[in-house]
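J.: Got a sequence here, can you build the structure:
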Amino acid sequence: MRIGSILIRLSYIAVLLKLTGCSAPKADESGPTPHYRLHKTTSYAIAGRTVNVDTTVFTYDATGRLTNYESHGTDPKLIRKTTLSYNSADRIDHIDQILPSSYVDGVNRIIGFRAVYSYNATGNAETVKVSLIAEGFTLFIPQDEYSLTYGADNIPTKISHVNLNSPYQDEYAYVYSGGNAVKVRYSTHTQTVDYSYQYDDKPNAYKGTVKLIPAIDPYNKNNLISDLTPTYNEQGYLIKTIGSGQYQGNIATYDYEQYLAK
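T.: Numbers count the residues shown, from 1 in each chain. From the prediction side, this is the model:
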């Protein structure tokens with residue numbers, strides 16, 4: 001079982017990194033500028049006669065750091081909970097994602113995944129190691145390792161992946177323009193594929209976020225243009241996308257909450 005496919009299916013909802021909050025300014029003072037952070041996302045995806053629903057709600061602490069987020073499908077009792085733990089340098093130490101229900105992998109009952117972060121001298125995440133979590137947190141079974149290479153502007157130019165239990169490896173290389181990854185080269189030992197992308201001129205809904213599996217989405221300045229029709233609020237933030245034709249039932253909504261920053 002490849003953990004990548006499981007994680008992509010279970011972890012596509014992003015996690016916001018630390019955002020600093022503070023009290024509202026007095027009316028006669030020039031104070032902190034209001035910003036917005038993701039509070040809730042809901043997606044509806046049609047698969048045959050089935051409508052798959054995924055709702056995620058994000059929770060922050062008093063300093064503005066994201067502490068956890070909970071996701072569920074049609075049944076709100078089947079919760080997938082993700083918790084972020086920080087180190088003394090206020091960077092993510094590890095992320096635990098607990099599944100709605102456990103499963104048996106060989107002799108171990110698996111309850112979720114742990115991603116452990118390590119950093120380079122400039123404070124950028126350099127390596128992310130993903131393990132299966134056995135029941136009771138008694139055992140962590142290594143599965144995948146991701147390595148990030150950065151350019152001069154501290155934005156990843158390459159993300160490499162190694163499956164620790166097989167010879168499988170792959171790599172994404174990125175070329176940027178206007179703050180967005182406009183060209184992506186995906187490589188494995190058997191193929192190399194090039195992709196090109198275009199973006200809108202609105203703030204990236206996922207800017208400053210991090211996924212359990214490292215991805216480039218949060219580093220882009222703007223939103224990827226796709227065949228989904230977008231709707232924005234008056235501040236220019238993406239609040240809804242709708243599919244067309246046979247996919248018109250594919251809908252995603254984004255709710256934000258306001259916070260203040262200097």
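
J.: make it CA atoms for all contacts and neighbour counts henceforth
T.: OK.

J.: Which residue ranges of the stretch 101-250 of the chain form strands?
T.: 108-119, 125-134, 140-150, 156-163, 169-177, 180-188, 192-196, 199-203, 209-210, 222-224, 229-232, 238-242 (DSSP state E, counting those that start in this stretch).

J.: how about these in JSON lines, adding mean neighbour count?
T.: Output for the strands of the stretch 101-250 of the chain, formatted as JSON lines (neighbours: other Cα atoms under 10 Å):
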{"stretch": "strand 108-119", "mean neighbour count": "20"}
{"stretch": "strand 125-134", "mean neighbour count": "22"}
{"stretch": "strand 140-150", "mean neighbour count": "18"}
{"stretch": "strand 156-163", "mean neighbour count": "20"}
{"stretch": "strand 169-177", "mean neighbour count": "16"}
{"stretch": "strand 180-188", "mean neighbour count": "18"}
{"stretch": "strand 192-196", "mean neighbour count": "11"}
{"stretch": "strand 199-203", "mean neighbour count": "15"}
{"stretch": "strand 209-210", "mean neighbour count": "20"}
{"stretch": "strand 222-224", "mean neighbour count": "21"}
{"stretch": "strand 229-232", "mean neighbour count": "14"}
{"stretch": "strand 238-242", "mean neighbour count": "19"}
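
J.: If you average pLDDT over each of these, which is lowest?
T.: Mean pLDDT is lowest for strand 209-210 out of the strands of the stretch 101-250 of the chain, coming in at a mean of 72.

J.: hang on, the earlier thing: of the strands of the stretch 101-250 of the chain, which is nearest residue 64?
T.: strand 209-210 (13.3 Å; Cα to Cα).

J.: The closest one - contacts with which helices or strands?
T.: strand 15-16 (3 or more Cα pairs under 8 Å, 6 or more residues apart in numbering; DSSP states H and E).

J.: following the strand it packs on, which helix or strand comes up?
T.: strand 33-47 (DSSP states H and E).

J.: about what we covered before: out of the strands of the stretch 101-250 of the chain, which is closest to residue 257?
T.: strand 238-242 (12.1 Å).

J.: Just the buried positions in the next helix or strand along the chain from the closest one, please.
T.: Downstream of strand 238-242, the first helix or strand assigned by DSSP H and E is strand 251-261. Residues of strand 251-261 classed as buried under the neighbour-count rule (16 or more other Cα atoms under 10 Å) are 251-256, 259-261.
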